[in-house]
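Undergrad: What follows is a predicted structure for the sequence shown.
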Amino acid sequence: MQRITLLAPPACLVTSISLPLEILNAANELARTRNRKHPRLQIDIVSQDVGPVVTAGGLSVVASATPNMIEQTDLVIIPSLWRSPVKNLIRHRWIMPWLQRLAKQQSLICAVGTSSYFLAEAGLLDHQPATTHWHYCDQFAERYPKVDLKRQYLITQANTIYCVGSVNSIADLMVHFIQRHYGQTIARQVEAQFSPEIRRPFANHAYVEEASKPHQDETIIEAQEWLQRHLRQPINLAALAKQLQLSPRTFNRRFKQAVGITAGDYLQRQRLDNARELLRTSNFSVQEVAYASGYLDSSYFCGRFKKAMGQTPLAYRKSVRGKLFKVI
């Protein structure tokens, strides 16, 4: 993911493009500190005309390209626009053909807030899950009955098209993209910089079309549920396989085929997610967090946590609580 395109029509909410851009740039610079040959992001700001564009807050951004000048891009971010989405559709009809062309090329397309109207108007969300700004959900559902509106989700994914209901949630989606393209360590470092105390993991509040269709291996579902219930205890995966009347080799093969990762990696993820939550919300010591997450050796836990998150458990706790204040 090297070429990023930011759409900037007049009256857009500039934070819905500036925030994801800053997050992506931070990840790219971290990648370049590890490898100076790693290419810089190529960034295009697109509007109907080249030149200054006045945003909803009165700030100006400079469009460097028009849609006809962008033949290919890896990711396009469409910002939320101020006021009536329907009036904006009429005012900016030039956007829809461009989005249709990008969708055919399988570019990642991310619509923030009311900009999901452009995707729906272009027919790109027919029979697909989508979300929009909460204030316009009823209007959206009435105007686009073919769209599977997910009111309770702030992020939806259907193939390469993402809809985000709020500016805050665009940060969650960008961290998800960073983890996919730059790795978990850089994602955690970026997360620590950009308000980790209010962030929720992508998987916790996103509707993903593929994820909504769970695998059908009932034995492996039983294994997943058992691992979740017993993650605080010492676990012998070979014994679990025997309990399920499978050989260890067959168990490992079926688990990876169904879930996409090994049972051991799945267990580690569950334990580390539990540890992160305890570090955020409890006053447990690091040793207590380790024990409550299934790690009998706190030094081993700290090593696993740092490898996965890019920082120690104490540093993580300080970063997520860094904006709390004391009453004097």
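TA: Structure received.

Undergrad: Please tell me how far Arg304 sits from Gly294.
TA: Per CB to CB, to the nearest Å, Arg304 is found 11 Å from Gly294. For the C-beta atoms, the positions are set from N, CA and C on the backbone; glycine is no exception.

Undergrad: which residues in this structure form strands?
TA: With DSSP state E, the ranges of strands along the chain come out as 3-7, 42-46, 51-54, 60-63, 75-78, 108-112, 129-130, 148-149, 155-158, 161-164, 206-208.

Undergrad: Name the strands paired with the fifth one and say parallel or antiparallel.
TA: By that I understand strand 75-78. strand 3-7 (parallel), strand 108-112 (parallel) (DSSP bridges).

Undergrad: so how far is stretch 248-258 off the chain centroid?
TA: 28 Å (CA atoms, centre = their mean, to the nearest Å).

Undergrad: what does that stretch rub up against?
TA: Applying CB atoms under 8 Å, 6 or more residues apart in numbering, the contact partners of stretch 248-258 are 215, 217, 219-220, 223, 237-238, 240-241, 244, 246, 262-263, 266.

Undergrad: Show me where the chain dips below the pLDDT cut-off.
TA: Per-residue confidence for the chain (pLDDT under 70) gives these ranges: 195-214, 321-328.

Undergrad: how does it divide up, domain by domain?
TA: 3-208, 218-320 (automatic domain parsing).

Undergrad: Now render those as JSON lines, adding mean neighbour count.
TA: Below are those laid out as JSON lines (neighbours: other CB atoms under 10 Å):
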{"stretch": "domain 3-208", "mean neighbour count": "18"}
{"stretch": "domain 218-320", "mean neighbour count": "16"}
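
Undergrad: What sits closest to Arg317 if chain neighbours are left out?
TA: Leu279 (4.6 Å; CB to CB, 6 or more residues apart in numbering).

Undergrad: residues touching that neighbour, list them.
TA: Contacts of Leu279 (CB under 8 Å, 6+ apart): Val289, Pro313, Tyr316, Arg317, Val320.

Undergrad: From Phe301, how far out is the first one?
TA: In this case it means Val289. In this view, Val289 and Phe301 are 8 Å apart by CB to CB.

Undergrad: who touches both of these two?
TA: In contact with both Val289 and Phe301: Ala275, Pro313, using CB under 8 Å, 6+ apart.

Undergrad: Could I get the contacting residues of Leu237?
TA: With CB under 8 Å, 6+ apart, Leu237 has these contacts: Pro248, Phe251, Asn252, Ala263, Gly264, Leu267.
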